[in-house]
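# What shape does this take:
(chains A, B, C and D)
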Protein chains: 2
Amino acid sequence: MVPGQRLVEQELSERYHATRSSVREALQDLAAEGLVELVPRRGARVRVVSVEEAIQITECRAALEGLCARRAAEHAPSQRREGLREIGTGMRKAVAEGDLNTYSALNRQLHDAIARMSGQTVAEGLLDRLKGQMVRYQFRLALRPGRPSQSLPQHLAIIDAVVAGDGAAAEAAARAHLDSVIAELRATPERDAAERLGA
Amino acid sequence: MVPGQRLVEQELSERYHATRSSVREALQDLAAEGLVELVPRRGARVRVVSVEEAIQITECRAALEGLCARRAAEHAPSQRREGLREIGTGMRKAVAEGDLNTYSALNRQLHDAIARMSGQTVAEGLLDRLKGQMVRYQFRLALRPGRPSQSLPQHLAIIDAVVAGDGAAAEAAARAHLDSVIAELRATPERDAAERLGA
DNA sequence: GTCGGAGCTATTGTCAACAATTTCGTCGCC
DNA sequence: GGCGACGAAATTGTTGACAATAGCTCCGAC
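Numbering: from 1, shown residues only, chains lettered A, B, ... in the order given. Predicted structure coming up:
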(Lines give C-alpha, C1' and ligand atoms only; values in the text may rest on other atoms or scores of the structure.)
Protein backbone atom coordinates (compact mmCIF):
# COMPACT_ATOMS: atom_id res chain seq x y z
CA MET A 1 0.00 0.00 0.00
CA VAL A 2 1.45 3.28 -1.10
CA PRO A 3 1.48 6.24 1.29
CA GLY A 4 -1.09 8.81 0.34
CA GLN A 5 -3.24 6.28 -1.48
CA ARG A 6 -6.95 6.82 -1.16
CA LEU A 7 -8.91 4.08 0.52
CA VAL A 8 -12.48 3.91 -0.73
CA GLU A 9 -14.80 1.96 1.50
CA GLN A 10 -16.79 0.23 -1.21
CA GLU A 11 -13.69 -0.76 -3.11
CA LEU A 12 -12.14 -2.32 -0.02
CA SER A 13 -15.32 -4.12 0.93
CA GLU A 14 -15.45 -5.75 -2.50
CA ARG A 15 -11.78 -6.63 -2.54
CA TYR A 16 -11.85 -8.33 0.85
CA HIS A 17 -15.41 -9.65 0.69
CA ALA A 18 -16.41 -7.70 3.76
CA THR A 19 -19.32 -5.42 4.42
CA ARG A 20 -18.85 -1.70 4.32
CA SER A 21 -19.47 -1.51 8.06
CA SER A 22 -16.58 -3.82 8.78
CA VAL A 23 -14.31 -1.89 6.48
CA ARG A 24 -15.38 1.33 8.14
CA GLU A 25 -14.60 -0.09 11.53
CA ALA A 26 -11.24 -1.40 10.40
CA LEU A 27 -10.32 1.98 8.97
CA GLN A 28 -11.16 3.61 12.25
CA ASP A 29 -8.92 1.17 14.05
CA LEU A 30 -6.09 1.85 11.65
CA ALA A 31 -6.62 5.57 12.08
CA ALA A 32 -6.37 5.13 15.84
CA GLU A 33 -3.04 3.40 15.33
CA GLY A 34 -1.88 6.23 13.13
CA LEU A 35 -1.59 4.11 10.00
CA VAL A 36 -4.28 5.85 7.98
CA GLU A 37 -5.55 9.40 7.99
CA LEU A 38 -9.29 9.84 8.30
CA VAL A 39 -10.78 13.12 7.11
CA PRO A 40 -14.50 13.59 7.79
CA ARG A 41 -16.63 13.46 4.67
CA ARG A 42 -13.55 12.96 2.55
CA GLY A 43 -12.54 9.45 3.30
CA ALA A 44 -9.38 7.70 4.30
CA ARG A 45 -5.91 7.65 2.90
CA VAL A 46 -2.75 5.86 3.85
CA ARG A 47 -0.90 8.22 6.15
CA VAL A 48 2.45 9.40 4.95
CA VAL A 49 5.04 9.86 7.65
CA SER A 50 7.70 12.35 6.69
CA VAL A 51 11.37 11.91 7.52
CA GLU A 52 10.88 14.67 10.06
CA GLU A 53 8.17 12.69 11.80
CA ALA A 54 10.16 9.47 11.57
CA ILE A 55 12.94 11.25 13.45
CA GLN A 56 10.53 12.39 16.15
CA ILE A 57 9.14 8.89 16.44
CA THR A 58 12.65 7.55 16.89
CA GLU A 59 13.36 10.16 19.54
CA CYS A 60 10.35 8.90 21.47
CA ARG A 61 11.52 5.37 20.95
CA ALA A 62 14.91 6.32 22.37
CA ALA A 63 13.28 7.67 25.52
CA LEU A 64 10.95 4.70 25.95
CA GLU A 65 13.37 1.95 24.99
CA GLY A 66 15.90 3.55 27.30
CA LEU A 67 13.38 3.12 30.10
CA CYS A 68 12.70 -0.47 29.10
CA ALA A 69 16.36 -1.39 28.84
CA ARG A 70 17.05 0.05 32.26
CA ARG A 71 14.15 -1.79 33.86
CA ALA A 72 14.99 -5.02 32.06
CA ALA A 73 18.54 -4.82 33.36
CA GLU A 74 17.41 -4.06 36.88
CA HIS A 75 14.34 -6.20 37.38
CA ALA A 76 14.20 -9.10 34.93
CA PRO A 77 15.27 -12.50 36.27
CA SER A 78 18.83 -13.25 35.24
CA GLN A 79 17.81 -16.38 33.42
CA ARG A 80 15.66 -14.45 30.99
CA ARG A 81 18.34 -11.81 30.59
CA GLU A 82 20.84 -14.51 29.67
CA GLY A 83 18.53 -15.50 26.86
CA LEU A 84 19.49 -12.32 25.03
CA ARG A 85 22.98 -13.72 24.47
CA GLU A 86 21.49 -16.14 22.00
CA ILE A 87 20.08 -13.31 19.93
CA GLY A 88 23.50 -11.64 20.06
CA THR A 89 25.37 -14.61 18.66
CA GLY A 90 22.69 -15.04 16.03
CA MET A 91 23.17 -11.41 15.00
CA ARG A 92 26.93 -11.79 14.77
CA LYS A 93 26.49 -14.82 12.58
CA ALA A 94 23.89 -13.19 10.35
CA VAL A 95 26.06 -10.11 9.78
CA ALA A 96 29.13 -12.23 9.10
CA GLU A 97 27.19 -14.16 6.49
CA GLY A 98 25.56 -11.06 5.07
CA ASP A 99 22.10 -12.43 5.83
CA LEU A 100 20.14 -9.21 6.09
CA ASN A 101 16.77 -10.86 6.49
CA THR A 102 17.80 -12.85 9.52
CA TYR A 103 19.59 -9.86 11.02
CA SER A 104 16.53 -7.72 10.57
CA ALA A 105 14.32 -10.33 12.20
CA LEU A 106 16.70 -10.69 15.13
CA ASN A 107 16.77 -6.91 15.45
CA ARG A 108 13.04 -6.87 15.96
CA GLN A 109 13.29 -9.82 18.32
CA LEU A 110 15.87 -8.09 20.47
CA HIS A 111 13.91 -4.88 20.86
CA ASP A 112 10.72 -6.79 21.58
CA ALA A 113 12.40 -9.12 24.07
CA ILE A 114 13.83 -6.24 26.06
CA ALA A 115 10.52 -4.40 26.11
CA ARG A 116 8.78 -7.58 27.15
CA MET A 117 11.13 -8.50 29.97
CA SER A 118 11.14 -4.95 31.31
CA GLY A 119 7.63 -5.53 32.59
CA GLN A 120 6.69 -2.10 31.27
CA THR A 121 3.54 -3.08 29.46
CA VAL A 122 2.46 0.51 28.91
CA ALA A 123 5.75 1.42 27.28
CA GLU A 124 5.60 -1.80 25.29
CA GLY A 125 2.22 -0.80 23.89
CA LEU A 126 3.40 2.67 22.95
CA LEU A 127 6.47 1.23 21.26
CA ASP A 128 4.38 -1.16 19.21
CA ARG A 129 2.34 1.76 17.96
CA LEU A 130 5.39 3.78 17.11
CA LYS A 131 7.13 0.93 15.31
CA GLY A 132 4.01 0.27 13.29
CA GLN A 133 4.31 3.73 11.80
CA MET A 134 7.96 3.19 10.96
CA VAL A 135 7.75 0.05 8.83
CA ARG A 136 8.59 1.88 5.67
CA TYR A 137 11.71 3.47 7.05
CA GLN A 138 12.93 0.47 9.02
CA PHE A 139 12.86 -1.50 5.84
CA ARG A 140 14.75 1.18 3.95
CA LEU A 141 17.42 1.63 6.62
CA ALA A 142 18.19 -2.04 7.01
CA LEU A 143 19.04 -2.32 3.35
CA ARG A 144 21.60 0.43 3.44
CA PRO A 145 25.14 -0.86 2.82
CA GLY A 146 27.36 -0.76 5.89
CA ARG A 147 24.43 -0.23 8.24
CA PRO A 148 24.56 -3.67 9.87
CA SER A 149 28.23 -3.42 10.75
CA GLN A 150 27.45 -0.09 12.36
CA SER A 151 24.47 -1.24 14.40
CA LEU A 152 25.76 -4.67 15.40
CA PRO A 153 28.18 -3.44 18.08
CA GLN A 154 25.46 -1.17 19.45
CA HIS A 155 23.10 -4.10 19.77
CA LEU A 156 25.79 -6.16 21.46
CA ALA A 157 26.46 -3.33 23.90
CA ILE A 158 22.80 -3.23 24.86
CA ILE A 159 22.80 -6.99 25.42
CA ASP A 160 25.96 -6.85 27.52
CA ALA A 161 24.59 -4.12 29.75
CA VAL A 162 21.25 -5.79 30.27
CA VAL A 163 22.78 -9.17 30.99
CA ALA A 164 25.23 -7.52 33.39
CA GLY A 165 22.30 -5.95 35.19
CA ASP A 166 23.69 -2.46 34.73
CA GLY A 167 20.58 -0.31 34.33
CA ALA A 168 22.31 2.98 33.62
CA ALA A 169 24.56 1.43 30.98
CA ALA A 170 21.63 -0.36 29.39
CA GLU A 171 19.65 2.86 29.11
CA ALA A 172 22.63 4.69 27.69
CA ALA A 173 23.32 1.92 25.16
CA ALA A 174 19.72 1.83 24.00
CA ARG A 175 19.62 5.57 23.57
CA ALA A 176 22.95 5.60 21.77
CA HIS A 177 21.68 2.98 19.37
CA LEU A 178 18.56 4.92 18.52
CA ASP A 179 20.48 8.17 18.28
CA SER A 180 22.49 6.48 15.57
CA VAL A 181 19.27 5.52 13.81
CA ILE A 182 18.25 9.17 13.99
CA ALA A 183 21.53 10.24 12.45
CA GLU A 184 20.94 7.76 9.67
CA LEU A 185 17.43 9.12 9.11
CA ARG A 186 18.79 12.66 8.96
CA ALA A 187 20.92 11.53 6.05
CA THR A 188 17.79 10.35 4.23
CA PRO A 189 16.76 12.60 1.40
CA GLU A 190 13.07 13.38 1.41
CA ARG A 191 12.73 12.00 -2.07
CA ASP A 192 9.22 10.73 -1.46
CA ALA A 193 7.46 13.77 -2.80
CA ALA A 194 6.06 11.63 -5.61
CA GLU A 195 4.65 9.03 -3.24
CA ARG A 196 2.91 11.73 -1.29
CA LEU A 197 0.52 12.51 -4.09
CA GLY A 198 -0.71 8.98 -3.93
CA ALA A 199 0.79 7.60 -7.11
CA MET B 1 -18.37 7.94 35.24
CA VAL B 2 -17.24 5.24 37.54
CA PRO B 3 -14.44 2.88 36.49
CA GLY B 4 -15.77 -0.53 35.63
CA GLN B 5 -19.20 0.81 34.82
CA ARG B 6 -20.98 -0.91 31.97
CA LEU B 7 -21.79 1.25 28.98
CA VAL B 8 -24.85 -0.01 27.16
CA GLU B 9 -25.24 1.36 23.67
CA GLN B 10 -28.97 1.88 23.71
CA GLU B 11 -28.89 3.57 27.08
CA LEU B 12 -26.23 6.01 25.94
CA SER B 13 -27.99 6.74 22.69
CA GLU B 14 -31.13 7.69 24.58
CA ARG B 15 -29.31 9.74 27.15
CA TYR B 16 -27.42 11.82 24.59
CA HIS B 17 -30.06 11.82 21.88
CA ALA B 18 -27.74 10.12 19.44
CA THR B 19 -28.18 7.12 17.25
CA ARG B 20 -26.72 3.82 18.25
CA SER B 21 -24.26 4.00 15.36
CA SER B 22 -22.80 7.24 16.65
CA VAL B 23 -22.53 5.85 20.15
CA ARG B 24 -20.85 2.76 18.79
CA GLU B 25 -18.34 4.85 16.91
CA ALA B 26 -17.67 7.05 19.89
CA LEU B 27 -17.07 4.00 22.07
CA GLN B 28 -14.58 2.71 19.56
CA ASP B 29 -12.75 6.03 19.64
CA LEU B 30 -12.64 5.99 23.41
CA ALA B 31 -11.40 2.43 23.34
CA ALA B 32 -8.61 3.50 20.99
CA GLU B 33 -7.62 6.14 23.51
CA GLY B 34 -7.63 3.59 26.27
CA LEU B 35 -10.50 5.17 28.17
CA VAL B 36 -12.97 2.32 27.77
CA GLU B 37 -12.52 -1.39 27.40
CA LEU B 38 -14.33 -3.01 24.51
CA VAL B 39 -14.95 -6.74 24.68
CA PRO B 40 -16.48 -8.32 21.57
CA ARG B 41 -20.07 -9.41 22.01
CA ARG B 42 -20.00 -8.29 25.60
CA GLY B 43 -20.05 -4.58 25.35
CA ALA B 44 -18.04 -1.71 26.73
CA ARG B 45 -17.07 -0.69 30.20
CA VAL B 46 -15.12 2.20 31.62
CA ARG B 47 -11.57 0.97 31.85
CA VAL B 48 -10.13 0.78 35.31
CA VAL B 49 -6.47 1.69 35.57
CA SER B 50 -4.83 0.13 38.58
CA VAL B 51 -2.27 1.92 40.70
CA GLU B 52 0.28 -0.40 39.13
CA GLU B 53 -0.63 0.82 35.68
CA ALA B 54 -0.76 4.43 36.80
CA ILE B 55 2.83 4.05 37.94
CA GLN B 56 3.87 2.61 34.60
CA ILE B 57 2.10 5.42 32.79
CA THR B 58 3.97 7.93 34.90
CA GLU B 59 7.25 6.20 34.16
CA CYS B 60 6.55 6.64 30.46
CA ARG B 61 5.62 10.23 31.10
CA ALA B 62 8.94 10.75 32.87
CA ALA B 63 10.82 9.46 29.85
CA LEU B 64 8.81 11.47 27.33
CA GLU B 65 8.52 14.69 29.32
CA GLY B 66 12.23 14.46 29.98
CA LEU B 67 12.75 14.44 26.23
CA CYS B 68 10.38 17.37 25.76
CA ALA B 69 11.95 19.42 28.54
CA ARG B 70 15.39 18.89 27.07
CA ARG B 71 14.32 19.88 23.59
CA ALA B 72 12.34 22.83 24.85
CA ALA B 73 15.39 24.09 26.70
CA GLU B 74 17.64 23.55 23.71
CA HIS B 75 15.54 24.57 20.75
CA ALA B 76 12.63 26.79 21.74
CA PRO B 77 13.08 30.52 21.14
CA SER B 78 14.10 32.28 24.33
CA GLN B 79 11.06 34.54 24.23
CA ARG B 80 8.68 31.62 24.49
CA ARG B 81 10.81 30.02 27.20
CA GLU B 82 10.63 33.22 29.21
CA GLY B 83 6.86 32.88 29.12
CA LEU B 84 7.13 29.98 31.54
CA ARG B 85 8.22 32.36 34.28
CA GLU B 86 4.69 33.71 34.37
CA ILE B 87 3.30 30.26 35.09
CA GLY B 88 5.91 29.90 37.83
CA THR B 89 4.91 33.06 39.64
CA GLY B 90 1.27 32.09 39.28
CA MET B 91 2.02 28.76 40.90
CA ARG B 92 3.85 30.36 43.79
CA LYS B 93 0.91 32.64 44.39
CA ALA B 94 -1.67 29.88 44.14
CA VAL B 95 0.21 27.68 46.63
CA ALA B 96 0.71 30.58 49.02
CA GLU B 97 -3.02 31.27 48.94
CA GLY B 98 -3.93 27.62 49.14
CA ASP B 99 -5.81 27.82 45.85
CA LEU B 100 -5.62 24.21 44.73
CA ASN B 101 -7.80 24.65 41.67
CA THR B 102 -5.63 27.33 40.18
CA TYR B 103 -2.46 25.44 41.02
CA SER B 104 -3.80 22.34 39.38
CA ALA B 105 -4.73 24.26 36.24
CA LEU B 106 -1.30 25.89 36.09
CA ASN B 107 0.27 22.48 36.55
CA ARG B 108 -1.45 21.25 33.42
CA GLN B 109 -0.56 24.44 31.62
CA LEU B 110 3.10 24.08 32.45
CA HIS B 111 3.40 20.51 31.26
CA ASP B 112 1.47 21.30 28.10
CA ALA B 113 3.47 24.44 27.38
CA ILE B 114 6.77 22.59 27.63
CA ALA B 115 5.56 19.77 25.41
CA ARG B 116 4.25 22.29 22.92
CA MET B 117 7.38 24.38 22.73
CA SER B 118 9.61 21.33 22.45
CA GLY B 119 8.38 20.88 18.91
CA GLN B 120 8.04 17.16 19.64
CA THR B 121 4.55 16.70 18.26
CA VAL B 122 4.76 12.92 18.40
CA ALA B 123 5.72 12.95 22.06
CA GLU B 124 3.06 15.55 22.70
CA GLY B 125 0.42 13.24 21.24
CA LEU B 126 1.58 10.28 23.30
CA LEU B 127 1.57 12.39 26.45
CA ASP B 128 -1.98 13.54 25.81
CA ARG B 129 -3.07 9.94 25.57
CA LEU B 130 -1.28 8.98 28.74
CA LYS B 131 -2.61 11.92 30.72
CA GLY B 132 -6.12 11.13 29.59
CA GLN B 133 -5.89 7.80 31.34
CA MET B 134 -4.61 9.40 34.52
CA VAL B 135 -7.39 11.89 35.20
CA ARG B 136 -8.68 9.97 38.17
CA TYR B 137 -5.31 9.78 39.87
CA GLN B 138 -4.18 13.30 39.04
CA PHE B 139 -7.27 14.56 40.71
CA ARG B 140 -6.69 12.43 43.74
CA LEU B 141 -3.02 13.35 44.11
CA ALA B 142 -3.55 17.08 43.84
CA LEU B 143 -5.92 17.01 46.78
CA ARG B 144 -3.46 15.37 49.10
CA PRO B 145 -2.34 17.66 51.91
CA GLY B 146 1.23 18.87 51.61
CA ARG B 147 1.51 17.74 48.02
CA PRO B 148 1.62 21.23 46.48
CA SER B 149 4.46 22.40 48.70
CA GLN B 150 6.36 19.30 47.63
CA SER B 151 5.79 19.69 43.90
CA LEU B 152 6.10 23.47 43.67
CA PRO B 153 9.91 23.62 43.96
CA GLN B 154 10.16 20.80 41.43
CA HIS B 155 8.07 22.76 38.96
CA LEU B 156 10.14 25.86 39.55
CA ALA B 157 13.32 23.87 38.96
CA ILE B 158 12.00 22.69 35.60
CA ILE B 159 11.12 26.24 34.64
CA ASP B 160 14.54 27.53 35.68
CA ALA B 161 16.37 24.90 33.67
CA VAL B 162 14.27 25.40 30.54
CA VAL B 163 14.53 29.17 30.68
CA ALA B 164 18.28 28.87 31.25
CA GLY B 165 18.52 26.71 28.14
CA ASP B 166 20.16 23.88 30.05
CA GLY B 167 18.83 20.76 28.34
CA ALA B 168 20.40 18.20 30.63
CA ALA B 169 19.18 19.97 33.75
CA ALA B 170 15.70 20.37 32.28
CA GLU B 171 15.48 16.68 31.50
CA ALA B 172 16.74 15.77 34.96
CA ALA B 173 14.30 18.14 36.65
CA ALA B 174 11.34 16.81 34.68
CA ARG B 175 12.25 13.24 35.50
CA ALA B 176 12.81 14.06 39.14
CA HIS B 177 9.38 15.67 39.33
CA LEU B 178 7.65 12.66 37.83
CA ASP B 179 9.69 10.28 39.97
CA SER B 180 8.22 12.08 42.94
CA VAL B 181 4.74 11.57 41.50
CA ILE B 182 5.54 7.88 41.22
CA ALA B 183 6.63 7.77 44.85
CA GLU B 184 3.35 9.40 45.78
CA LEU B 185 1.41 6.85 43.74
CA ARG B 186 3.29 4.02 45.43
CA ALA B 187 1.94 5.29 48.71
CA THR B 188 -1.61 5.02 47.36
CA PRO B 189 -3.53 2.11 48.76
CA GLU B 190 -5.40 0.15 46.13
CA ARG B 191 -8.66 0.78 47.89
CA ASP B 192 -10.62 0.81 44.70
CA ALA B 193 -11.60 -2.82 44.77
CA ALA B 194 -15.22 -1.78 45.18
CA GLU B 195 -15.15 0.53 42.19
CA ARG B 196 -13.79 -2.22 40.07
CA LEU B 197 -16.98 -4.18 40.22
CA GLY B 198 -18.74 -1.28 38.62
CA ALA B 199 -20.73 0.03 41.57
C1' DG C 1 -10.09 32.49 -22.86
C1' DT C 2 -11.27 32.32 -18.26
C1' DC C 3 -14.13 32.60 -14.37
C1' DG C 4 -18.35 31.27 -11.98
C1' DG C 5 -22.29 28.52 -11.25
C1' DA C 6 -25.52 24.50 -11.93
C1' DG C 7 -26.01 19.81 -12.09
C1' DC C 8 -24.14 15.25 -11.83
C1' DT C 9 -21.44 11.53 -9.84
C1' DA C 10 -18.81 9.31 -6.47
C1' DT C 11 -18.37 8.67 -1.73
C1' DT C 12 -19.21 9.05 3.03
C1' DG C 13 -22.55 9.47 7.01
C1' DT C 14 -26.96 7.98 9.18
C1' DC C 15 -30.64 5.20 10.20
C1' DA C 16 -33.90 1.41 11.39
C1' DA C 17 -34.80 -3.23 11.22
C1' DC C 18 -33.05 -7.88 11.61
C1' DA C 19 -29.88 -11.61 13.17
C1' DA C 20 -26.82 -13.67 16.47
C1' DT C 21 -25.01 -14.07 20.92
C1' DT C 22 -24.62 -13.64 25.72
C1' DT C 23 -26.63 -13.38 30.20
C1' DC C 24 -29.74 -14.30 33.70
C1' DG C 25 -33.58 -16.55 35.80
C1' DT C 26 -36.19 -20.77 36.32
C1' DC C 27 -37.09 -25.39 36.56
C1' DG C 28 -36.06 -30.18 37.06
C1' DC C 29 -32.99 -33.65 38.57
C1' DC C 30 -29.51 -35.74 41.35
C1' DG D 1 -29.37 -28.08 48.66
C1' DG D 2 -26.70 -27.76 44.64
C1' DC D 3 -25.83 -28.53 39.73
C1' DG D 4 -27.03 -28.44 34.95
C1' DA D 5 -30.13 -27.68 31.08
C1' DC D 6 -33.60 -24.93 29.05
C1' DG D 7 -35.69 -20.61 27.74
C1' DA D 8 -36.53 -15.66 27.78
C1' DA D 9 -34.73 -11.09 27.90
C1' DA D 10 -31.19 -7.96 27.04
C1' DT D 11 -27.48 -6.56 24.23
C1' DT D 12 -24.33 -6.45 20.56
C1' DG D 13 -23.28 -7.26 15.55
C1' DT D 14 -24.77 -6.94 10.64
C1' DT D 15 -27.18 -5.58 6.73
C1' DG D 16 -29.25 -2.73 3.23
C1' DA D 17 -31.30 1.36 2.03
C1' DC D 18 -31.44 6.30 2.28
C1' DA D 19 -29.60 11.07 3.06
C1' DA D 20 -26.02 14.41 2.77
C1' DT D 21 -21.82 16.11 1.11
C1' DA D 22 -17.59 16.90 -1.68
C1' DG D 23 -15.52 17.06 -6.11
C1' DC D 24 -15.91 17.24 -10.99
C1' DT D 25 -17.73 18.39 -15.51
C1' DC D 26 -20.06 21.13 -18.45
C1' DC D 27 -22.16 25.22 -19.79
C1' DG D 28 -22.74 30.10 -20.14
C1' DA D 29 -21.39 34.89 -19.39
C1' DC D 30 -18.09 38.39 -19.35
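# remind me which residues of chain A are low pLDDT?
A:190-199 (pLDDT under 70).
# Spell out which residues of it are next to DNA strand D.
A:19, A:20, A:21, A:22, A:25, A:41, A:42 (Cβ under 7 Å from any atom of the strand). Yep, even glycine has a C-beta here, placed from its N, CA and C like the rest.
# Output those residues in JSON lines; the columns should cover neighbour count.
JSON lines is the format used below for the residues of chain A next to DNA strand D (neighbours: other Cβ atoms under 10 Å in any protein chain shown):
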{"residue": "A:19", "neighbour count": "11"}
{"residue": "A:20", "neighbour count": "12"}
{"residue": "A:21", "neighbour count": "12"}
{"residue": "A:22", "neighbour count": "14"}
{"residue": "A:25", "neighbour count": "15"}
{"residue": "A:41", "neighbour count": "4"}
{"residue": "A:42", "neighbour count": "9"}
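# mind listing the helices for chain A?
A:9-15, A:20-32, A:51-75, A:78-96, A:100-118, A:121-132, A:135-142, A:147-164, A:167-186, A:193-196 (DSSP state H).
# which outside residues touch the first one?
Translated: helix A:9-15. A:18, A:19, A:20, A:22, A:23, A:24, A:27, A:43, A:44 (Cβ atoms under 8 Å, 6 or more residues apart in numbering or on different chains).
# give me the subset of these touching DNA strand C.
Applying Cβ under 7 Å from any atom of the strand to the contacts of helix A:9-15, those adjacent to DNA strand C are A:24, A:43, A:44.
# Pick out the residue of chain A closest to DNA strand D.
residue A:19 (2.9 Å; Cβ to the nearest atom of the strand).
# Apart from its chain neighbours, what residue comes closest to that residue?
Leaving aside its sequence neighbours, residue A:19 sits nearest to residue A:13 (Cβ to Cβ, 6 or more residues apart in numbering or on different chains; 6.0 Å).
# same deal with residue A:142?
The nearest residue in space to residue A:142 (Cβ to Cβ, 6+ apart) is residue A:104, at 4.8 Å.
# circling back: just read off the phi/psi values of the residue of chain A closest to DNA strand D.
phi -80, psi 160 (degrees, to the nearest 10).
# returning to what we had before: turn the helices of chain A into CSV, including distance to residue B:50.
Below are the helices of chain A laid out as CSV (distance: least, Cβ to Cβ, whole Å):
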stretch, distance to residue B:50
helix A:9-15, 38
helix A:20-32, 23
helix A:51-75, 18
helix A:78-96, 24
helix A:100-118, 18
helix A:121-132, 11
helix A:135-142, 32
helix A:147-164, 27
helix A:167-186, 24
helix A:193-196, 43
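# for those helices, which one ends up most surrounded?
Greatest average neighbour count among these goes to helix A:51-75 (a mean of 23), per mean count of other Cβ atoms under 10 Å in any protein chain shown.
# Run the chain-centre distance for that one.
Here helix A:51-75 shows a centroid-to-chain-centroid distance of 10 Å under the convention Cα atoms, centre = their mean, to the nearest Å.
# tell me the angle of that helix relative to helix A:167-186?
Per axes from the mean of the first three to the mean of the last three Cα atoms, to 10 degrees, the angle that helix A:51-75 makes with helix A:167-186 is 160 degrees.
# quick check, helix A:51-75 touching chain B?
Yes: judged by Cβ under 8 Å from any Cβ of the partner chain, helix A:51-75 comes into contact with chain B through A:53, A:56, A:57, A:59, A:60, A:62, A:63, A:64, A:66, A:67.
# ok, the closest residue to the first one other than its chain neighbours to DNA strand C distance?
Nearest non-adjacent residue to residue A:53, counting by Cβ to Cβ, 6+ apart: residue B:122, 6.5 Å away. Distance of residue B:122 to DNA strand C, computed by Cβ to the nearest atom of the strand, to the nearest Å: 25 Å.
# and chain A, which residues reach chain B?
Residues of chain A lying near chain B (Cβ under 8 Å from any Cβ): A:25, A:28-29, A:32-33, A:53, A:56-57, A:59-60, A:62-64, A:66-67, A:120-123, A:126, A:130.
# Cool, thanks, signing off.
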